[in-house]
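**Student:** Need coordinates for the following:
(2 chains)
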Number of protein chains: 2
Amino acid sequence: MSTNTSTSTHETTIEAPEGVPWIDLVREFDAPPEKVFRAHVDPELLARWLGPRDLEMTVEEWDARTGGRWAYTHRRGEDAFEFYGSFHEIRENERIVQTFTYAGFPDGVALEIARFEALPGGRTRLVNRSIGSSVEERDAMVASGMEHGIVEGYEKLDELLAGP
Amino acid sequence: MSTNTSTSTHETTIEAPEGVPWIDLVREFDAPPEKVFRAHVDPELLARWLGPRDLEMTVEEWDARTGGRWAYTHRRGEDAFEFYGSFHEIRENERIVQTFTYAGFPDGVALEIARFEALPGGRTRLVNRSIGSSVEERDAMVASGMEHGIVEGYEKLDELLAGP
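**Tutor:** Coordinates of the predicted model:
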């Protein structure tokens, strides 16, 4: 699977190659790595952009330090979707390595490695690999429609980064 | 790669299939899951068995709770090998999901999923999948000779479990 979804500004490239358990994502932003990184580690900023527009985000815990933990809930009407994990490594302005589980499928787990690369002109390329515990689990993640929420979330992040 | 290493009691099966980034390990123990699990979460017990016999083990941190962190150092003479990670999930007597990095190769990271399965006769099958962030990284881990330390560590764990 390879998807290029156009937005008003940037496309989000999502690839899930056959036979391996990961999803590779690349997305550029018109802001420097420090600012894009900050929007990932500051829970107040994070709550303003992560996930699709029709879900309400509540961050229960976001201890974005190496060895810290995190938990948030997405709500749509009566439905609540809980997620949790730990931060394996926070490398200031460069890299975030974290684990990820959707509580509704507690045996599933992914390891996510995000790199923030500086581009000319004060811009950033975000390169993220999300590795499931099996190819089947990765395929189920792709089939869940996670792509829509990711792309819409990054559109919201564009808006946030364009602000003051 | 598929290796069956005989010990006085049980073999350790280690498989690293081509084209995927994981190492699968299976090992049986003559003790119930509760006891094998305890030897993985109690740092005083852990220090008595993890790793090869010629390394001295120091546990700096072993907060074996969901969202906790861990760090230990292996020493041989003047050499020190530091490792660290976080506990994504601790499921009492059943499952441990943790991350793993050798500080000498800080960009490498593995996600480890260990299951403790009850066998008849008060015995346990430990099933562990260690997933690297790429096939190349997994291959480097295999080439590092980690197998020797794992097999010898489990021999020490056999001895510990046979004790009082």
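**Student:** A:Leu126: what's it in contact with?
**Tutor:** A:Leu25, A:Val26, A:Arg27, A:Glu28, A:Phe29, A:Val36, A:Ala114, A:Arg115, A:Phe116, A:Glu117 (CB atoms under 8 Å, 6 or more residues apart in numbering or on different chains). The way it works is simple: take the backbone N, C-alpha and C, and place the C-beta from them, glycine included.
**Student:** Which of those sits closest to B:Asn128?
**Tutor:** In terms of CB to CB, no member of the contacts of A:Leu126 lies closer to B:Asn128 than A:Ala114, at 26.0 Å.
**Student:** Show me what the helix or strand hosting the closest one packs onto, helices and strands only.
**Tutor:** A:Ala114 belongs to strand A:110-119 when assigned by DSSP states H and E. Counting by 3 or more CB pairs under 8 Å, 6 or more residues apart in numbering or on different chains; DSSP states H and E, the packing neighbours recorded for strand A:110-119 are helix A:33-41, strand A:95-102, strand A:123-132, helix A:135-143.
**Student:** Show me which positions of that strand end up buried.
**Tutor:** By 16 or more other CB atoms under 10 Å in any protein chain shown, the buried positions in strand A:110-119 come out as A:Ala110, A:Leu111, A:Glu112, A:Ile113, A:Ala114, A:Arg115, A:Phe116.
**Student:** So what are the sheet partners of that strand and their directions?
**Tutor:** strand A:95-102 (antiparallel), strand A:123-132 (antiparallel) (DSSP bridges).
**Student:** buried stuff in the helix or strand hosting A:Glu28?
**Tutor:** Using DSSP H and E, A:Glu28 falls within strand A:22-29. Neighbour counts over strand A:22-29 (16+ other CB under 10 Å) mark A:Trp22, A:Ile23, A:Asp24, A:Leu25, A:Arg27, A:Glu28, A:Phe29 as buried.
**Student:** With pLDDT and distance to B:Ser130 as new columns, can the residues you listed be given to me in TSV?
**Tutor:** Below are the buried residues of strand A:22-29 laid out as TSV (pLDDT from 0 to 100; distance: CB to CB, whole Å):
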residue	pLDDT	distance to B:Ser130
A:Trp22	98	15
A:Ile23	97	20
A:Asp24	98	21
A:Leu25	98	23
A:Arg27	98	29
A:Glu28	98	33
A:Phe29	98	33
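**Student:** Please list which of those are also close to chain B.
**Tutor:** A:Trp22 (CB under 8 Å from any CB of the partner chain).
**Student:** between the buried residues of strand A:22-29, which is closest to A:Ala80?
**Tutor:** When the buried residues of strand A:22-29 are compared against A:Ala80 (criterion: CB to CB), the nearest one is A:Ile23, at 24.4 Å.
**Student:** give me every residue that touches that closest one.
**Tutor:** A:Ile14, A:Glu15, A:Ala16, A:Arg129, A:Ser130, A:Gly132, A:Arg138, A:Met141, A:Val142.
**Student:** Derive a ChimeraX selection command for the buried subset of those residues.
**Tutor:** Burial among the contacts of A:Ile23 is assessed by 16+ other CB under 10 Å; the matching ChimeraX selection reads:
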select /A:14,16,129,130,132,138,141
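**Student:** which of the residues in the lengthiest strand in chain A are buried?
**Tutor:** The longest strand of chain A (DSSP state E) is strand A:79-91. Neighbour counts using 16+ other CB under 10 Å place A:Phe83, A:Tyr84, A:Gly85, A:Ser86, A:Phe87, A:His88, A:Glu89, A:Ile90 of strand A:79-91 among the buried residues.
**Student:** surely the fifth one meets A:Phe100?
**Tutor:** Right, A:Phe87. No - with contact defined as CB atoms under 8 Å, A:Phe87 and A:Phe100 do not form a contacting pair (10.8 Å).
**Student:** Many thanks, we can stop here.
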